[in-house]
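Asks: only geometry, no sequence info:
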DNA sequence: TTGAAAGCGGTACCAG
DNA sequence: CTGGTACCGCTTTCAA
């Protein structure tokens, strides 16, 4: 239906080679010929087929990003940051949410075949798959997921937000508030990030010599409802810790809601912390750790571009700083934002 | 670098036609030949090139989605709903955020050349561009944007959330609370959705015969900070209406924050409403209107698929229901979620 | 400066 | 059931 390079060539009375040269502004073409081709192209509403072009150039000028899902601001922001930079670098962006689906691996491979490189976020596919892709020549950048160590995986970059030290800072903050018994809510095995946070908490608790201790409430899903359930159980068992350290804000917010309904005072009777600093955290007065989500995506896009263009070949691993945000869920109100 | 269909053909001692047949499970191939080809393919780590395939089939098996940006849950959810259904239908998803960029039109055209059809969200590109794309054979579905009327634009579907009636319901709710002076915050010209909401409010105010009236505070951007500014100005001018009806939740939340800091009681002295029902709205007790964001995206994906596969040719326009969510920003607390 | 032609990696028709 | 081959639409030598 749309016109092809041959249509234009015929119309302008030149060869397809010349049309190609004009369209991509490569090679020398006499101005008047150029003009003729241009007007023919316009008249015929000609747009070079991306497919033909890509096949000939053996490149997609597109890259992908794989994430677990897009609910909650976290991944959305990362994707946004990624898209912004990728667009700036002149590349299209393909997205793929593995969500619950079991066919994640196949889907990711499919996607890999459609782009020059991709970013893999968190727990979406196994390291084995990533290595395999890299082995097949795909350029890969890992985000919110520890670097792959294997020698074979040279050329796989990674970008992460600092977790362990931030968790430590958060924990120190709690200990300063007199907290001794901490309950960590979240499953360290569900995501590498959570594992790091869990470690950071343990680090401080152990070395603090304050008699503080931490228990693990390993909930596999990180939703509001799960948080509410955890709170309800703790309340029912008359077993409130001094502080709930939650793996993310949603969890913490759900938990706070339930505690509030039960008439339990925060931070008087129990303190609560989250992670991510989503918008709702501010309105709920939730102490949390802010991550540079946008930058995570943007940095990944840059690294990926370097890998694709071959500007750099040695793997690189970035660690972006995070920030503790203290609010009224851990410190009695005085002034807060 | 990766092996091609010819490599496999040679290795298996067959023709490329046979390899193609085996790979796509079309045509009849003797089992043992099939087996031979399969093992060759595996041995050579052969994956059919998407590009070659797409070019030959003259289809991308991908569709795009264009949105203003991804901050805030609204577009993120729509995109998520879209991706989920598209994946289910076996199509890859390309995203494009026009954000502030001025080259939106070029970017969208680029994208159109990479997929079989696309969804255009809200205020991203002009109707003229959309019509042009459609004219060039692109399949288009509009979301959060009124249908295009022009005859030439046959084949452009649309999906929208109900705005006017919901705004009317919201307004009636306010009038029942004794509200007479309403300030509508948001620019009806900034988005078609906002315009509809503005109309819905006017509808009720005019026909109510209660002496109620509404003034328009046309802010062009819909951020928290803008909301805070509007509130600050109203406070400074000692000019508080009975209710602020905001074009979205962010705006309303920013406004509430400022009012709260000024010691003004909500809903005692002034009522506030938002739109979208973002997570923070619940924690802030904000009365708002919930939109089926996920469904907007999902429905768009389905319509688009019908257009692409040619299952349907006549244009279709869906209107999805919305729901008024009353919270404490308009009704003094008793019980709330 | 321009054109002819050889790919890029598949699909699918037509013989055999 | 299988092979030969003509495309799909564009890029890029190589000559003229």
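Replies: All right, it came through fine. This one's a predicted model, so the numbers in the text were calculated from it and none came from an experiment.

Asks: So which residues on the stretch 1-150 of chain A come close to DNA strand C?
Replies: Residues of the stretch 1-150 of chain A lying near DNA strand C by Cβ under 7 Å from any atom of the strand: A:13-18, A:21, A:27-30, A:33-34, A:55-56, A:58. For glycine as for every other residue, the C-beta is placed from the backbone atoms N, C-alpha and C.

Asks: again, 6 Å this time
Replies: A:14-18, A:27-30, A:33, A:55-56, A:58 (Cβ under 6 Å from any atom of the strand).

Asks: So among these, where is pLDDT lowest?
Replies: Minimum pLDDT across those is recorded for residue A:27, with 84.

Asks: sec struct for the closest residue to that residue other than its chain neighbours, please.
Replies: Take residue A:27 and drop its neighbours on the chain: the residue closest to it by Cβ to Cβ, 6 or more residues apart in numbering or on different chains is residue A:21, 4.1 Å away. Classification of residue A:21 using DSSP: H, G, I helix; E, B strand; the rest coil returns helix.

Asks: OK, contacts around residue A:21?
Replies: Contact analysis of residue A:21 by Cβ atoms under 8 Å, 6 or more residues apart in numbering or on different chains lists A:27, A:28, A:29.

Asks: next one: residue A:22
Replies: A:29, A:33, A:34, A:37, A:38, A:41.

Asks: ok, and the most crowded of the residues you listed?
Replies: For the contacts of residue A:22, the largest neighbour count, defined by other Cβ atoms under 10 Å in any protein chain shown, is 24 neighbours, found at residue A:37.

Asks: wait, doesn't it sit right on residue A:19?
Replies: Yes - Residue A:37 is in contact with residue A:19 according to Cβ atoms under 8 Å; the separation is 5.5 Å.

Asks: shared neighbours of those two, which are they?
Replies: Contacts common to residue A:37 and residue A:19, judged by Cβ under 8 Å, 6+ apart, are A:8, A:12.

Asks: does the residue of the stretch 201-337 of chain A found nearest chain B count as helix, strand or coil?
Replies: Residue nearest to chain B within the stretch 201-337 of chain A: residue A:280 (3.8 Å; Cβ to the nearest Cβ). Assigned by three-state DSSP, the conformation of residue A:280 is helix.

Asks: and the closest residue to it other than its chain neighbours, how many residues sit next to it?
Replies: Using Cβ to Cβ, 6+ apart and skipping the chain neighbours, the partner closest in space to residue A:280 is residue B:280 (3.8 Å). Residue B:280: 24 surrounding residues under other Cβ under 10 Å.

Asks: circling back to that earlier point, buried ones among the residues of the stretch 1-150 of chain A next to DNA strand C?
Replies: Listed as buried from these are A:14, A:18, A:29, A:33, A:55; burial here means 16 or more other Cβ atoms under 10 Å in any protein chain shown.

Asks: Take the residues you listed and write them to JSON lines, including secondary structure and distance to chain B.
Replies: Output for these, formatted as JSON lines (DSSP: H, G, I helix; E, B strand; the rest coil; distance: Cβ to the nearest Cβ, whole Å):
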{"residue": "A:14", "secondary structure": "coil", "distance to chain B": "23"}
{"residue": "A:18", "secondary structure": "helix", "distance to chain B": "22"}
{"residue": "A:29", "secondary structure": "coil", "distance to chain B": "23"}
{"residue": "A:33", "secondary structure": "helix", "distance to chain B": "25"}
{"residue": "A:55", "secondary structure": "helix", "distance to chain B": "5"}
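
Asks: quick one: which two of these are the most distant?
Replies: Maximum pairwise distance among these (Cβ to Cβ): 26.3 Å, between A:33 and A:55.

Asks: so where's the stretch 51-200 of chain A shaky on pLDDT?
Replies: Along the stretch 51-200 of chain A, segments meeting pLDDT under 70 span A:150-153.

Asks: So for the residue of chain A most remote from its centre, what's the nearest residue that isn't a sequence neighbour?
Replies: In chain A, the greatest distance from the average C-alpha position (Cα atoms, centre = their mean) is reached by residue A:13, at 51.1 Å. Using Cβ to Cβ, 6+ apart and skipping the chain neighbours, the partner closest in space to residue A:13 is residue A:36 (7.3 Å).

Asks: Could I get the full set of helices for the stretch 201-337 of chain A?
Replies: For the stretch 201-337 of chain A, applying DSSP state H, counting those that start in this stretch gives helices covering A:224-236, A:249-261, A:279-284, A:293-309.

Asks: How about the stretch 51-200 of chain A?
Replies: Going by DSSP H, counting those that start in this stretch, the stretch 51-200 of chain A shows helices at A:73-88, A:104-112, A:127-135, A:164-176, A:192-208.

Asks: Residues in contact with the longest one: which ones?
Replies: It stands for helix A:192-208. Applying Cβ under 8 Å, 6+ apart, the external contacts of helix A:192-208 come out as A:122-123, A:144-146, A:160-161, A:163-168, A:170-172, A:175, A:182, A:184, A:186-189, A:212-214, A:216, A:245, A:247, A:275.

Asks: And the residue farthest from the centre of chain A, how far from residue B:71?
Replies: Distance of residue A:13 to residue B:71, given as Cβ to Cβ, to the nearest Å: 51 Å.

Asks: Residue A:200 too?
Replies: Distance from residue A:200 to residue B:71, by Cβ to Cβ: 28 Å.

Asks: quick one, which of those two is more surrounded?
Replies: Each of residue A:200 and residue B:71 has its neighbours counted (other Cβ under 10 Å); residue A:200 has more, 23 against 19.

Asks: How about the contacts made by residue A:143?
Replies: Contact analysis of residue A:143 by Cβ under 8 Å, 6+ apart lists A:78, A:119, A:120, A:121, A:122, A:158, A:159, A:160, A:296, A:297, A:300.

Asks: From those residues, pick the one nearest DNA strand C.
Replies: residue A:120 (23.2 Å; Cβ to the nearest atom of the strand).

Asks: Tell me if I'm right that that closest one and residue A:145 touch.
Replies: Yes - if you go by Cβ under 8 Å, residue A:120 and residue A:145 touch, sitting 6.9 Å apart.

Asks: Mind checking which of those two has more residues around it?
Replies: Neighbour count, other Cβ under 10 Å: between residue A:120 and residue A:145, residue A:120 has more, with 28 against 20.

Asks: ok, now which ones touch the more buried one?
Replies: Counted by Cβ under 8 Å, 6+ apart, residue A:120 has contacts A:66, A:108, A:130, A:140, A:141, A:142, A:143, A:145.
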